[in-house]
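# Got a sequence here, can you model it:
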Amino acid sequence: MPNTLLNETFKSVIQDERVRAVIQRLEAERNGARAGGPNDGGQSRDPYDYAERGFSIRPEQGDLIYFLCRAMRATRVVEFATSVGMSTLYFAAAMRDNGGGCVIGSELVPAKIATAKRNLSEAGLAAYAEIREGDARQTLRDLGGSVDFALIDGWPRDEKPSLAREVIGIVAPQLRVGGYVMNDNAEPDFLEFIRDPGNGFISVTLPLKSGTELSVKVA
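The predicted structure is shown next:
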């Protein structure tokens, strides 16, 4: 009965019901959380003030991540930032289902790392993720080789350049030709970089969430 209910109430391209159950719980927790994050009226831009809250991609974005990673047989991917591990679950599920691989995440807040690790363990995916604690501008400088996919979904801040712009500058040289970049927050300076053909990408805005930028490295 519980499995039937899950199938009827939560749709995903991921078939593993253990993974789907964790994603469904995280989405329910997000929907039940109080309003007022850093992008929608919250007074603070300090990530430590939101240590108990996850600011994550939506399931439709996660399904696209999983779908593309499976299609391209991705084995090494990176995300900024991990938060409570919603995107990590989709990436790690794809790595496992592709026969092996790793998602490298970066997260500043230790409490969120602990939560993400619990979520991964609950989903049976802990072996497919490495979460690096600290500033992504440092932790992602060496990814240990080329990567297939990068999610740039970092913390908003008032000063420029945005963190997204700084991190893509670090990650882009480590992304293989044919690799994807997904961006969730549409930071203007990130979009200026990724849409400039001189930087080696072609890019499209998808009607997911409030607009999701998907780019592929072509040079």
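# can you give me phi and psi for the spatially closest residue to residue 183 that is not a sequence neighbour?
Leaving aside its chain neighbours, residue 183 sits nearest to residue 213 (4.2 Å; criterion: CB to CB, 6 or more residues apart in numbering). Glycine gets a C-beta too; all of them are placed from N, C-alpha and C. The phi/psi pair for residue 213 (degrees, to the nearest 10) reads phi -90, psi 120.
# Surely residue 213 is in contact with residue 194?
Yes. Assessed by CB atoms under 8 Å, residue 213 is found in contact with residue 194 at 6.5 Å.
# what's the overlap in contacts for these two?
181, 183, 203 (CB atoms under 8 Å, 6 or more residues apart in numbering).
# check contacts around the second one.
When you say that, I think you mean residue 183. Contacts of residue 183 (CB under 8 Å, 6+ apart): 151, 152, 153, 164, 168, 190, 191, 194, 212, 213, 215.
# mind redoing it with 10 Å?
Contact partners of residue 183, counting by CB atoms under 10 Å, 6 or more residues apart in numbering, are 150-154, 164, 168, 190-191, 194, 203, 205, 211-215.
# Taking those, please make a ChimeraX selection of just the buried ones.
Buried residues within the contacts of residue 183, by 16 or more other CB atoms under 10 Å, are selected in ChimeraX with:
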select :150,151,152,153,154,164,168,190,191,194,203,212,213,214,215
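# Can I get the shared contacts of residue 213 and residue 194 in TSV including pLDDT and distance to residue 118?
Below are those laid out as TSV (pLDDT from 0 to 100; distance: CB to CB, whole Å):
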residue	pLDDT	distance to residue 118
181	98	28
183	97	27
203	98	35
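# and which of these is nearest to residue 158?
Closest approach between the shared contacts of residue 213 and residue 194 and residue 158, by CB to CB: residue 183, at 18.7 Å.
# What helix or strand is the residue positioned nearest the centre of the chain located in?
Centroid-nearest residue in the chain: residue 87, 4.1 Å away (criterion: CA atoms, centre = their mean). Taking DSSP states H and E as the criterion, residue 87 maps to helix 86-97.
# where do the helices sit along this protein?
Here the chain has its helices, by DSSP state H, at 2-9, 17-32, 59-71, 86-97, 110-123, 136-139, 163-171, 188-194.
# Point out the most buried one among those helices.
Highest mean neighbour count among the helices of the chain (mean count of other CB atoms under 10 Å): helix 86-97, with a mean of 26.
# Which strand runs longest in the protein?
strand 175-183 (DSSP state E).
# and the angle from that one to helix 59-71?
170 degrees (axes from the mean of the first three to the mean of the last three CA atoms, to 10 degrees).
# so what strands line up beside strand 175-183?
Strand pairing for strand 175-183, using DSSP bridges, gives strand 147-152 (parallel), strand 212-217 (antiparallel).
# mind putting these in TSV, distance to residue 78 included?
Formatted as TSV, those follow (distance: least, CB to CB, whole Å):
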stretch	distance to residue 78
strand 147-152	5
strand 212-217	13
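# Turn the ones you listed into TSV, columns for mean pLDDT and distance to residue 111.
Below are the strands paired with strand 175-183 laid out as TSV (pLDDT from 0 to 100; distance: least, CB to CB, whole Å):
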stretch	mean pLDDT	distance to residue 111
strand 147-152	98	21
strand 212-217	98	27
